[in-house]
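Chemist: sharing a sequence plus its predicted fold:
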Amino acid sequence: MKTEQYPTFIFDLDGVITKTEAYHFEAWKETAAFLEYEISPADNEALKGVSRVDSLKKIVKWAGKEVSPQTFDRLLEEKNERYLGLLSSLSEEDIMEGVHQFMLEAKEKNHPIALYSSSKNAKLILTKLNIIHLFDVLVDGNDVTRSKPDPEGFELAANQSKTSPKDCVVFEDSTAGIEAANAIGMTTVGIGDIESLSIASRVCKNFKEISLNDFKL
Ligand code: B16
Ligand code: MG
């Protein structure tokens, strides 16, 4: 007898569940200014999904500077403090349109729900958004040694969900994340603009364009 199977949904956090990408950008601007570099929206696109450490390495390189390990650590710490400050009033109202409803319907139909975010602040953010209880599996920047575009975190999320990668559907706003999930045969749904996400299996502007019926195995 064939048992019915439900794809596991793996959500990215920043830029998919909530618009914290804008806060990362804001917080990095000051770091870049210290390095006498003006960070552009195109630069920010290249930082999406990339870990804090790897993001700073990129900014230092773009600025054409060298910094001591002590300064590097201080810049990381200060950026995170600014970012946490910007998150202080985050609440349920900051969940992107259609996401909460989609999750509730997916849970109702027994789809496992997982998170893979590069952020080390993911649990704090999901708690503020009051949706942490909806996740069966949580993988974040504290659980991996290699950040997106490496597939390590997606592999871990699939393993912990007891789902084969081919039966996972990933929602991502970053090229790095889509690349990572594609590399291990997951179905990818890009959330955002087609220009930067064309390597995804499908691209949507937001969750209002997505229905649970789109994902039958
Ligand atoms: P943190 P995601 C990523 O989250 C962001 O896209 C990226 O801009 C950020 O640098 C990274 O998390 C690390 O975040 O500094 O909070 O540890 O999109 O993978 O959910
Ligand atoms: Mg993201």
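Modeler: Structure's in. What do you need? Ligands and ions are numbered 1, 2, ... in the order given.

Chemist: average pLDDT across the longest helix anywhere in the chain?
Modeler: If you go by DSSP state H, the chain has its longest helix at helix 69-86. Helix 69-86 carries an average pLDDT of 98.

Chemist: distance from stretch 195-207 to the middle of the chain?
Modeler: Here stretch 195-207 is found 14 Å from its chain centre; the criterion is Cα atoms, centre = their mean, to the nearest Å.

Chemist: stretch 24-39 too?
Modeler: When C-alpha coordinates are averaged (Cα atoms, centre = their mean), stretch 24-39 and its chain have centres 21 Å apart.

Chemist: need the contact list for Gln70.
Modeler: Under the criterion of Cβ atoms under 8 Å, 6 or more residues apart in numbering, Gln70 has no neighbours. The C-beta positions use only the backbone N, C-alpha and C, and glycine is treated the same way.

Chemist: contact residues of this protein facing ligand 1?
Modeler: Neighbours of ligand 1 within the chain, by Cβ under 6 Å from any ligand atom: 12-15, 21, 24, 47-52, 55, 80, 117-121, 141, 174.

Chemist: can you flag the buried ones in those residues?
Modeler: 12-15, 21, 24, 47-52, 55, 117-119, 121, 141, 174 (16 or more other Cβ atoms under 10 Å).

Chemist: Asn182 reaches Val189, doesn't it?
Modeler: No - in this structure Asn182 lies outside contact range of Val189 using Cβ atoms under 8 Å: 11.5 Å.

Chemist: report the separation between the closest residue to Glu66 other than its chain neighbours and Gln70.
Modeler: Among residues not flanking Glu66 along the chain, Val60 sits closest, at 7.4 Å (Cβ to Cβ, 6 or more residues apart in numbering). Separation of Val60 from Gln70 (Cβ to Cβ, to the nearest Å): 14 Å.

Chemist: got the contact list for Val203?
Modeler: Val189, Gly190, Ile191, Gly192, Asp193, Ile194, Leu197.

Chemist: re earlier: which of Asn182 and Val189 has more neighbours?
Modeler: Val189 (24 against 19; other Cβ atoms under 10 Å).

Chemist: partners of the one helix or strand the more buried one maps to in the sheet?
Modeler: Assessed by DSSP states H and E, Val189 sits inside strand 187-191. Note on strand 187-191: by DSSP bridges, its sheet partners are strand 168-172 (parallel), strand 202-204 (parallel).
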